[in-house]
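Student: Need a 3D model of the sequence below.
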Amino acid sequence: MTAEPAPDRDAEARASGEAIAAVYRVADRAMQDLPIYNPVLEVATIGFRAVGDAALGVVVTPWFMNLVRVPADRGTEVSQGATVARAMPAGVMDFTVGVLDGFGVIESCSLASPMFGFADQQIAESTALAALAAVLDPDFVVDAVPEAAAVPQPAPALDRRRFLRGVLTERRP
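Tutor: Predicted coordinates:
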């Protein structure tokens, strides 16, 4: 990434984080009756700072935790819902483009949803800080997470070719 960002860029990034939090605090009232809402949590933005040409931080709500990237140019034409790959110090990550009413374009990468695994706000915010630190650490390689061992899948009961030929039962040897 780039060298240390200027302090005014970090202040702008923190201001973006607070503006995003304000939007989600309004949405919080509407979410309270949904089954994915964790009532012990509140909306917070964690660690927003300038990273490259964007602001980056974590948004914690009672219903999700997302890594959020705010592009420097939020006025460009975007396709809401599109997935964009972004190079982070820890590796390339996929973000989903969204538009927040009253704010503009953001890119989100889900970290947790729903949020029932968090017993209190302090645990959620500590987790958010740890996730952000991992993403910003070039020694933490996103692609190095081992894949789960492949679980053998049972053979299908019906062969597709046999089905298309009208044979609906499996032939046993």
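Student: I'd say residue 46 and residue 128 touch.
Tutor: Yes: between residue 46 and residue 128 there is a contact at 4.1 Å, judged by C-beta atoms under 8 Å. Where C-beta positions appear, they are placed from N, C-alpha and C, glycine not excepted.
Student: between those two, what contacts are shared?
Tutor: Taking C-beta atoms under 8 Å, 6 or more residues apart in numbering as the contact rule, residue 46 and residue 128 both touch 58, 60.
Student: Those two - which one has more neighbours?
Tutor: Using other C-beta atoms under 10 Å, the more surrounded residue of residue 46 and residue 128 is residue 128, with 24 against 21.
Student: For the more buried one, give its distance to residue 97.
Tutor: Separation of residue 128 from residue 97 (C-beta to C-beta, to the nearest Å): 21 Å.
Student: mind exporting the helix or strand that residue 47 is a member of as CSV, just the C-alpha atoms?
Tutor: Element membership for residue 47 (DSSP states H and E) is strand 44-51. C-alpha atoms of strand 44-51 as CSV (Å, rounded to 0.1, in the frame of the first residue of the first chain):
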residue,chain,number,x,y,z
ALA,A,44,-20.4,1.6,16.2
THR,A,45,-17.7,2.2,13.6
ILE,A,46,-14.3,0.9,14.6
GLY,A,47,-10.9,2.0,13.4
PHE,A,48,-11.7,4.0,10.4
ARG,A,49,-8.5,5.3,8.7
ALA,A,50,-7.1,6.2,5.3
VAL,A,51,-5.8,3.2,3.5
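Student: Partner strands of that strand and their direction?
Tutor: strand 54-60 (antiparallel) (DSSP bridges).
Student: what does the partner strand contact?
Tutor: Taking C-beta under 8 Å, 6+ apart as the rule, strand 54-60 contacts 12-13, 16-17, 20-21, 24, 41, 43-50, 65-72, 108, 111, 115, 121, 124-125, 128-129, 131-132, 135-136.
Student: Stretch 121-140 too?
Tutor: Residues outside stretch 121-140 that contact it (C-beta under 8 Å, 6+ apart): 40-42, 44, 46-47, 51, 56-58, 60, 65, 67, 88-90, 93, 111-112, 115, 118, 142.
Student: mind listing what's buried in that stretch?
Tutor: Buried positions in stretch 121-140, judged by neighbour count with 16 or more other C-beta atoms under 10 Å: 124, 125, 127, 128, 131, 132, 134, 135, 136.
Student: just these now: which is nearest residue 101?
Tutor: Comparing the buried residues of stretch 121-140 against residue 101 with C-beta to C-beta picks out residue 128 as the nearest, at 23.5 Å.
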